[in-house]
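Peer 1: Got a predicted structure plus its sequence, pasted below:
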Amino acid sequence: MESETKRLSPFMIQCFVSAGVTFNMAGMGLVMGFVTGLLPQLRRPDSIIQIDDASASWIASIPGFAVIVGNVIAPSIMGTSGRRIANLCSLAVSAGGWLCIIFSNTVHILFLARFLQGMGIGMIAALGPVLIAEYTSPKNRGLFLMSISVNVSVGVFAIQTLGVYFHWKTCALICIGIILFTALLVLLSPESPTFLADKERYDECRKTFMYLRGDSENEELEKMIEARMLANKEQIDEVETIKEKVLSKVKYLRQTLKKKEFYKPILIMFHVFTMAQWSGVNILTSFTTDLFENVIGLDSGMNIPLMIVIIGVLRIIENFVGMVFIKTLKRRVMLFSTIGLNIFGLLAVAAFTYAKENDWVSFTPTVGLLLIHVHMFSVATGAIPLSYVLSGELFPMEYKGLCGGISMLFFSLNLFVNMKTVILLFNLWGIYGTYCLYAGVLSYCLVVVGVLCPETKDRTLLDIEEEFRGKKN
């Protein structure tokens, strides 16, 4: 490590170790965007697997349910074996899912594959933002957390583009290659200094922290170790009988549930993840073909496969715009501006499609396309990246695994319900009714998060934790 430290700046080292996380997070984009090419191919008469609307909705939504399993597994692994081992485990599970895709010849094997894929993204979704926040310095933390959204968008774009031109099994094979490359990056990365401090391996913690951050942030290092030592002293002593152990755990849990630094971040992240999933991102990611066909129309003369590729490219560009926002704007300013634009975009698309269906206006496909891009811009710069950034900044050090697991449970439930109901809502209410519902959900969540969430930009994780405790800084 020491020789590498001399050759590379702390920023470059943080870029490298974060890449092992963000490339894995890109797998979320691969999984969710995979159905854009998969479902149309499975609906063809010559497909080896035949599906109907019910099985199509399950193929799309099963990862949202399986994410819950990954959320439950990840905190235990990251708390006992370490963040790096948890990262590798999530990659192994995801690889198993893609292998099942390659060898699938029935819809039931596809269901199994999607379940394993969901487990994998559930594990890294709980781990990723936490690990990046622990790896990186406060001044660059927002950018690195924002890079998760960029990589997810790259994953969506890559798999949607491949799905337009290649067979779905070929796409799965390429995804396994990406997983193997990511595993190599993780193997070459160190363990999190926060985990090492939590396990009282203070010498390793100092060495790793200096490797990642350099010599300029020693004060944060010593405060972290001091806080961990104090927490260890306050922990309940080990007892002999099983009954006493159970009672001590119950007492510890009760004390934890009463702590503001525990329940406030969870309450905030419940509403942040709800905003992320009901922002319309899953329609833009997994039901892109259906969206274009309903808003623009098959008879518009536009090349819809090309439009799907273009919107994927623009999403990546817009994520980089979001990185500029993260670096320059306060978190709360970004929250209200981008989510407000998101609500406007949803209502504008709803109004356009309703007017189009009732022949109130002269139909112009260009207007519909523009509104879709306004909606995508708001999602790519706001709801999605903010969910990754805030989940990496709000959770206290002592309860990162537990807070992450609980909040990601809300994430997975929202993801499953949203994905499972897209086709149903489209059939019942049309796009305009669906988008009005989404706008109402976002409006409620924005009010709650706006009231509860503190400003976190350029602040240390310990500083944010102390504010939740009620200590003004």
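Peer 2: Cool, the structure landed. This one's a predicted model, so the numbers in the text were calculated from it and none came from an experiment.

Peer 1: which stretches of the stretch 351-473 of the chain form helices?
Peer 2: Along the stretch 351-473 of the chain, the stretches classed as helices by DSSP state H, counting those that start in this stretch are 365-378, 384-393, 400-452, 461-469.

Peer 1: For A227, find the nearest of the ones you listed.
Peer 2: Closest of those to A227 is helix 461-469, at 6.4 Å (criterion: CB to CB). Where C-beta positions appear, they are placed from N, C-alpha and C, glycine not excepted.

Peer 1: now what about the helix or strand harbouring I310, what contacts it?
Peer 2: According to DSSP states H and E, I310 maps onto helix 304-328. Helix 304-328 is contacted from outside by 36, 142-143, 145-147, 149-150, 153-154, 156-157, 160-161, 164, 284, 288-289, 292-293, 296, 298, 334, 338, 369, 372-373, 376-377, 380-382, 385, 389, using CB atoms under 8 Å, 6 or more residues apart in numbering.

Peer 1: Where helices are concerned, which of those count?
Peer 2: If you go by DSSP state H, those have 36, 142-143, 145-147, 149-150, 153-154, 156-157, 160-161, 164, 284, 288-289, 292-293, 334, 338, 369, 372-373, 376-377, 385, 389 in helices.

Peer 1: Drop anything exposed from these.
Peer 2: Neighbour-count burial within those applies to 36, 142-143, 145-147, 149-150, 153-154, 156-157, 160-161, 164, 284, 288-289, 292, 334, 338, 369, 372-373, 376-377, 385, 389; the criterion is 16 or more other CB atoms under 10 Å.

Peer 1: Stretch 385-396: how far from the chain's middle?
Peer 2: 10 Å (CA atoms, centre = their mean, to the nearest Å).

Peer 1: got the contact list for that stretch?
Peer 2: With contacts defined as CB under 8 Å, 6+ apart, stretch 385-396 is touched by 25, 128-130, 132-133, 141-142, 145-146, 148-149, 261-262, 265, 268-269, 272-273, 275-276, 319, 322-323, 326, 331, 334-335, 338, 403-404, 407, 411, 453, 456, 459, 461, 464-465, 468.

Peer 1: what about 6 Å?
Peer 2: With CB atoms under 6 Å, 6 or more residues apart in numbering as the test, stretch 385-396 has contacts from 129, 132-133, 142, 145-146, 148-149, 261, 265, 269, 272-273, 276, 322, 403, 456, 465.

Peer 1: Could you list the buried residues of stretch 202-218?
Peer 2: When neighbours are counted by 16+ other CB under 10 Å, the buried residues of stretch 202-218 are found to be 204-214, 217.

Peer 1: Then stretch 422-435?
Peer 2: In terms of neighbour count (16+ other CB under 10 Å), stretch 422-435 has its buried residues at 422-423, 425-426, 430-432, 434-435.

Peer 1: now for the helices of the stretch 351-473 of the chain, which one comes closest to L91?
Peer 2: helix 400-452 (17.5 Å).

Peer 1: pLDDT below threshold where in the chain?
Peer 2: Applying pLDDT under 70 to the chain flags residues 1-7, 217, 231-246, 248-249, 252-253, 298-301, 363, 401, 471-473.

Peer 1: what's near enough to touch the nearest residue to P385 once chain neighbours are set aside?
Peer 2: Leaving aside its chain neighbours, P385 sits nearest to S149 (3.8 Å; criterion: CB to CB, 6 or more residues apart in numbering). Residues counted as contacts of S149 (CB under 6 Å, 6+ apart) are 319, 384-385, 388.

Peer 1: got a winner among the residues you listed for most neighbours?
Peer 2: Per-residue neighbour counts (other CB atoms under 10 Å) across the contacts of S149 peak at P385, which has 29 neighbours.

Peer 1: contacting residues for the residue lying closest to S94 once chain neighbours are set aside?
Peer 2: Counting by CB to CB, 6+ apart, G120 is the residue found nearest to S94 once chain neighbours are left out, at 3.2 Å. By CB under 6 Å, 6+ apart, the contact list for G120 reads 90, 93-94.

Peer 1: List just the nearest of the residues you listed to E226.
Peer 2: For the contacts of G120, the nearest to E226 is S90 (31.7 Å; CB to CB).

Peer 1: That closest one reaches A125, doesn't it?
Peer 2: No - S90 is not in contact with A125 according to CB atoms under 6 Å; the separation is 8.9 Å.

Peer 1: now the buried residues of stretch 202-218 as a markdown table including distance to P305?
Peer 2: Shown next, in a markdown table, are these (distance: CB to CB, whole Å):
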| residue | distance to P305 |
| --- | --- |
| E204 | 51 |
| C205 | 51 |
| R206 | 54 |
| K207 | 51 |
| T208 | 47 |
| F209 | 48 |
| M210 | 50 |
| Y211 | 46 |
| L212 | 43 |
| R213 | 46 |
| G214 | 48 |
| E217 | 48 |
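
Peer 1: Mind checking which of these land in helices?
Peer 2: Residues of those located in helices (DSSP H): 204-213.

Peer 1: Show me the helices in the stretch 101-250 of the chain, by range?
Peer 2: Using DSSP H, counting those that start in this stretch, the helices of the stretch 101-250 of the chain run over 107-135, 138-165, 168-187, 193-198, 202-213, 218-234, 242-257.

Peer 1: secondary structure element for the closest residue to Y135 other than its chain neighbours?
Peer 2: Excluding the flanking residues, the one nearest Y135 by CB to CB, 6+ apart is V17, at 5.1 Å. Assigned by DSSP H and E, V17 belongs to helix 10-42.

Peer 1: And the helix or strand following that helix, what's buried?
Peer 2: Next along the chain after helix 10-42, taking DSSP H and E as the criterion, comes helix 53-80. Using 16+ other CB under 10 Å as the test for burial, helix 53-80 gives 55-75, 77-79.
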